[in-house]
Structure formats: structure tokens, C-alpha cells
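Asks: Structure for the following, please:
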Amino acid sequence: QIESLEKSLEDLLTRVDEFVGMLDMIRSDSSQVVNESIPQIYTKATEMRRIYRKIDKLEAFVKMIGNCVTGMEERVIKAETDLGTFPSTFKKIWHTISVPSFLNKSSSSRQQQTLYEPPTLFKTEDYFPCLNEAPY
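Replies: Here you go, the predicted structure:
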């Protein structure tokens, strides 16, 4: 019985040694996480906040550009409906044919009604000031 008790004690001591080794490993891992990983994670999180702000600004810029493009498309569609979309060859032929005077007056009055107003465009440099700098 003593031998079986000694064998059980040795087995128990071996398991206690393994348990203590695991505790030491967990403590060292925990201290590494606290001392090294958490500051690195905090630094990365700070960098990501800056990147998120840049992404938000870029999304706002893309939305603004989309609104500008939509406005330009609407103006082009309006201009096409106001002035017609004849190809240039048909326009040349149309102008060379003598048109009765009442048709000329209506077309000239229509052209006077629709004066071209250039749209206000954005400048990319206003949104990306680094473009003004010289390249490396």
C-alpha cells in the first residue's frame, strides 16, 4: 500500500508541477499582453480613428462629386431638350437650306432665351491640398 501511495503522491506532484508551470506561462503571457500588446492595440486604434476620419471625409467628397455630376447631367439633358440633339452634319445642312423667315425668328428667339451660364465647379486642390506640392 505504501508503494501505491508513493506512486499516487509522485503522480500528484507531477500534476502539481505541470499546473504550476501552466500558471507561470499564463502569468508571463498576461504580463506580455498587459505590457506590450495593449499599448500596441491602443496605438493601432488611434491610427484607425484617423483613417476612419479620412474615410468619412472621402465619402463626403464622393457624395459632393456625385451631386455635381448629377447636376451637370441634368443641365446637359435640359440643354439637349432646349437646343435639340441633331448631329453636326444635319445642322450644317439645315443652315444651308433657306428657311422661311418665320422659322428663323422662332429659332433665334429660342436661342436668346437660353443663355449659357457656366456651372460653378469645385477645385480638387481645395479638398486635396497636398496636390499643390511638388512630387518627391
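Asks: Now for this structure: which helix has the highest residue count?
Replies: What stands out as the longest helix in the chain, according to DSSP state H, is helix 38-83.
Asks: Centre of the chain to that helix, how far?
Replies: Centroid separation for helix 38-83 versus its chain: 6 Å, with C-alpha atoms, centre = their mean, to the nearest Å.
Asks: which strands and helices sit next to it?
Replies: For helix 38-83, there is no helix or strand it packs on, judged by 3 or more C-beta pairs under 8 Å, 6 or more residues apart in numbering; DSSP states H and E. Using the backbone N, CA and C atoms, a C-beta is placed for each residue, glycine as well.
Asks: burial of residue 122, as a residue count?
Replies: 11 (other C-beta atoms under 10 Å).
Asks: Correction: the previous question concerned residue 25.
Replies: Neighbour count of residue 25, defined by other C-beta under 10 Å: 10.
Asks: mean confidence score for the helix or strand hosting it?
Replies: Using DSSP states H and E, residue 25 maps to helix 2-32. Mean per-residue pLDDT for helix 2-32: 91.
Asks: Check which residues of that helix are buried.
Replies: Applying a neighbour-count criterion of 16 or more other C-beta atoms under 10 Å, one finds nothing buried in helix 2-32.
Asks: So in the protein, where's the weakest helix or strand by average pLDDT?
Replies: Every helix and strand of the chain was ranked by mean pLDDT, DSSP states H and E. The lowest is helix 101-113, at a mean of 49.
Asks: Following element in sequence after that one, please.
Replies: helix 124-127.
Asks: Buried ones in that following helix, by neighbour count?
Replies: When burial is assessed from 16+ other C-beta under 10 Å, helix 124-127 yields no buried residues.
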